[in-house]
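Asker: Give the three-dimensional model of this entry:
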Amino acid sequence: MLTARKAPRACQSCRLQLLSLFEHGFTNPTKAVSRTRYSAPLEPRARTFRPRNNTAVRSFTSGRVLLDDIKPGVAIETIVREARQTFGETLPKDYLSADEYALYERLYGPPVRETRPEDLEYLPVGEEEIEEADVRNVLLRENEDGEYEEIEFDPALRYTVEHESPFFAEEVILEDEVRNETIEVDPGEKIDVAVESTLPNFSGPATKADEGSGIRVQGRNQREIDAIARLQKDMDAAMVRATEEEDIEEEYEEGIEEEEELEEDEPDAYVDSDTVRSHPHTLTARWGTFPATVSLPREQIIEPISELLARTNTKHIREAAEKVFGGPGLPYSTMIPSTKKHLPQRHIGLDAAQHRMSEVDADAYLAAVMPGTYAAVMSTIVETRKRLGAQWLRELLRKGEGPRVLDAGGSGSGVIAWREVLQAEWNVMKEEGLVTRDTAPIGKTTVLTGANTLRHRISRMLENTTFLPRLPDYVHASRSKAHLDGTDPQARKVYDIIIAPHSLFPLKEDWRRKQLVENLWSLLDPKGGVLILLEKGLPRGFEAIAGARELLLENHISSPHDTTTENEIESPASDHARFREKEDGMIVAPCTNHMKCPLYLTPGLSSGRKDLCHFSQRFIRPPYLQQVLGASVRNHDDVKFSYLVVRRGVDARKAATPILQGDAATDQSFEGYEEYDLPVVEGEAQRPNDIKFNSFALPRAILPPLKRRGHVTLDLCTPSGKLERWTVPKSFSRTAYRDARKSKWGDLWALGAKTRVHRSARLGHGLEQSGKGGKMRGVRDGRQGKGGKKIKKNKFNVIMGPDGFEGIEQDRSQSKFVRPEKRTKGGRIWKGPPKPIGEDDI
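Answerer: From the prediction side, this is the model:
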């Protein structure tokens, strides 16, 4: 049954009981009133009256007056009040007339809104199955004491209840199946009965059955019934539409469930919204790992090191680490706390190649250095894999003996990171059906460890690994085919990938750094070997990496306009030729140019440097590092580092498809690749274009982007070897603006910009190798101290005569700083032979 929310919700039996209570007053009945439910609702029925002798029957009315007897003003007010009671603060459209609506606004104010179909309420009738034993038909009868008592009534036996009291007599006959009701009264007694379409106080609300839906509408009068019926039709239409939408959603969800069932076996099937919305070239040009925070592998690093450190008290390890790595916070480890930036720039306190290391120092090295080294090397290898592509790794895996790897400074952390990347690529190949084994071939692994204490600990984490106390020196080795004793020389070792973290910064002399870089280059496979150099993200660490880059470009890696190099005079090759040809090779990352570094214009050390090429990688601290640091609030660190990745023997610039270089690459990147060389989509024709996208021809962000309202500013190192600041406003491109706001420090940029300006680098000033800068201590601009006293400087002039050099005389501008000249008694200058200059004058 449908009714408005404000309509009474009581059943017919309860309404009869309430009517009797309102007419005769409220008293406390002796028994609880039992509520009776009828399976079939009652409807207004016609009534007949017949006299009954010797019976005192009380007359009753409906409590309402006839509509014909109501005055017009009273009728309008009654209708308005009933509308308020029925529909509450809402009102159906065109329900009241103009006069009635005016009265409604005067009494209650304007309605909140128009009555909607959802305001109707469905009252289920006859849906609940009631056991016959629980059904009771009860009438209330007033006794002599004025209290009410229950009387059972059975409609099937047509039983009536008569009151013998002379003051009250009433007979009510309720019948479900028969619609005629007979009320007996005394002859001559007047009975006022109002038979109307709505009897709210006695017979209950009027109902109207809907022939089509089988649902009856309940209202006070015909106007309410019609209004609710219209709302019911609107609700039925809305329900039909909702049902159709639910069917569509169910079909869609079934399709999604089928796709999810197919993707359940795929661990990497999840694609986030950023991947869907980003431009394909932006995804290719991104730098860093995914997820952005690196977690150390539990089986390879965390569990073995935790077991090793459990033998020593954590307090002793903390004290040793703080002693070696610069105090609390360990500023001289791989991490650089923000509160320790004012300290002098120093390398890591312990080196993997050093030959002496105590037991507790070895434990401190495992706890404090290896986590940060692993995170930095992992980020670098992932970037190398992105630039060289999957084909590079798969060619190494297809080798019969597997890849040959050398860790020259990471104490095994670089090897573990390399194996993680190799296993991830192997899993992809297995999903594609190219391989069947579960584990990737490890190949030959070599780790440089100088101290026995460190080697014994690292050997528990690595298998099938060779440990070397020092690197072989092939640069100065003999190249003869036979030894002096006539035996054949041992074959030279070459490696497919060499990882050398934190190996250049500890060397103070520049010639030693160059010798190490030359040696590492000689150990690379000339058919595609990859060298990774990595140092701390400090000005001194960057200068070490930039020096190695300059050395490789000048002596080994050829460029289109620079293919030869001059041999050193002391080298054996200078006896045969002055110049020699450079090798094929290229810089893989982070540079996209092979010119002079714009941040390293002057070789050597510098003071006051603000700009340097370095990057950051976040990692989760292992539990033992948390204990060594004594940290309880934060469980992660950001390791900052400078790196260089070069490849020997392969130059992508000389491929069949040429790569833009120099100013041409910068101009094309500034225009953007948003509409060029897009991936082919199924069902769409490929767009013909002559411009090919390649990540080696893109600029790289050397600083975090500056995000402002309506535009983003990027500080880029361009392929033309210049620093520029590009601005990407929202008016330039919606996609480019969105990707620019999502870009990060270290990303390559492929979608162009609207404006570009040159950016000057803050490189500081040069220093001597001693670090003193060649200036007097405490002297600035010729003045000593903070303010004022000028330093005495003697200047002399060389006297040249017809026969050549005659002598040196003091400059007249400096006369106040020297002794007065000799004069005669008359004050004239003495013209005798000049006095030779002594040590006091100088």
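
Asker: what's next to stretch 373-386, contact-wise?
Answerer: Here stretch 373-386 makes contact (C-beta atoms under 8 Å, 6 or more residues apart in numbering) with 284, 286-289, 294, 296, 301, 334, 392-393, 410-411, 413-414, 416-418, 420-421, 425, 499, 501-502, 530, 532, 534, 588-590, 615, 617-619, 639, 641, 643, 645, 695. For glycine as for every other residue, the C-beta is placed from the backbone atoms N, C-alpha and C.

Asker: Which members of those residues occur in helices, if any?
Answerer: Counting by DSSP state H, the contacts of stretch 373-386 place T284, W392, L393, S413, G414, I416, A417, W418, E420, V421, E425 in helices.

Asker: got these as JSON lines, with pLDDT and neighbour count columns?
Answerer: Below are the ones in helices among the contacts of stretch 373-386 laid out as JSON lines (pLDDT from 0 to 100; neighbours: other C-beta atoms under 10 Å):
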{"residue": "T284", "pLDDT": "91", "neighbour count": "17"}
{"residue": "W392", "pLDDT": "92", "neighbour count": "19"}
{"residue": "L393", "pLDDT": "92", "neighbour count": "23"}
{"residue": "S413", "pLDDT": "93", "neighbour count": "31"}
{"residue": "G414", "pLDDT": "93", "neighbour count": "31"}
{"residue": "I416", "pLDDT": "94", "neighbour count": "23"}
{"residue": "A417", "pLDDT": "95", "neighbour count": "29"}
{"residue": "W418", "pLDDT": "94", "neighbour count": "23"}
{"residue": "E420", "pLDDT": "94", "neighbour count": "17"}
{"residue": "V421", "pLDDT": "94", "neighbour count": "18"}
{"residue": "E425", "pLDDT": "92", "neighbour count": "17"}
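
Asker: mind listing the helices for the stretch 251-400 of the chain?
Answerer: Ranges of helices within the stretch 251-400 of the chain are 273-277, 280-285, 303-309, 314-324, 359-368, 370-388, 390-397, based on DSSP state H, counting those that start in this stretch.

Asker: Could you dump those into JSON lines with distance to L516 added?
Answerer: Below are the helices of the stretch 251-400 of the chain laid out as JSON lines (distance: least, C-beta to C-beta, whole Å):
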{"stretch": "helix 273-277", "distance to L516": "41"}
{"stretch": "helix 280-285", "distance to L516": "32"}
{"stretch": "helix 303-309", "distance to L516": "28"}
{"stretch": "helix 314-324", "distance to L516": "23"}
{"stretch": "helix 359-368", "distance to L516": "21"}
{"stretch": "helix 370-388", "distance to L516": "18"}
{"stretch": "helix 390-397", "distance to L516": "25"}
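
Asker: Looking at those helices, spot the one closest to A546.
Answerer: helix 370-388 (16.2 Å; C-beta to C-beta).

Asker: tell me the angle the closest one makes with helix 390-397.
Answerer: If you take axes from the mean of the first three to the mean of the last three C-alpha atoms, to 10 degrees, helix 370-388 sits at 110 degrees to helix 390-397.

Asker: Return the helix or strand in the chain with minimum mean pLDDT.
Answerer: strand 47-51 (a mean of 37; mean pLDDT, DSSP states H and E).

Asker: R404 and K444 touch, don't they?
Answerer: Yes: with contact defined as C-beta atoms under 8 Å, R404 and K444 form a contacting pair (4.8 Å).

Asker: and those two? which has more neighbours close in?
Answerer: Taking other C-beta atoms under 10 Å, R404 and K444 do not tie; R404 has more neighbours (20 against 16).

Asker: Out of the helices of the stretch 251-400 of the chain, which gets nearest to R734?
Answerer: So among these, helix 273-277 is nearest, using C-beta to C-beta, at 10.7 Å.

Asker: which residues are contacting the closest one?
Answerer: Contacts for helix 273-277 (C-beta under 8 Å, 6+ apart): L283, R738, K742.
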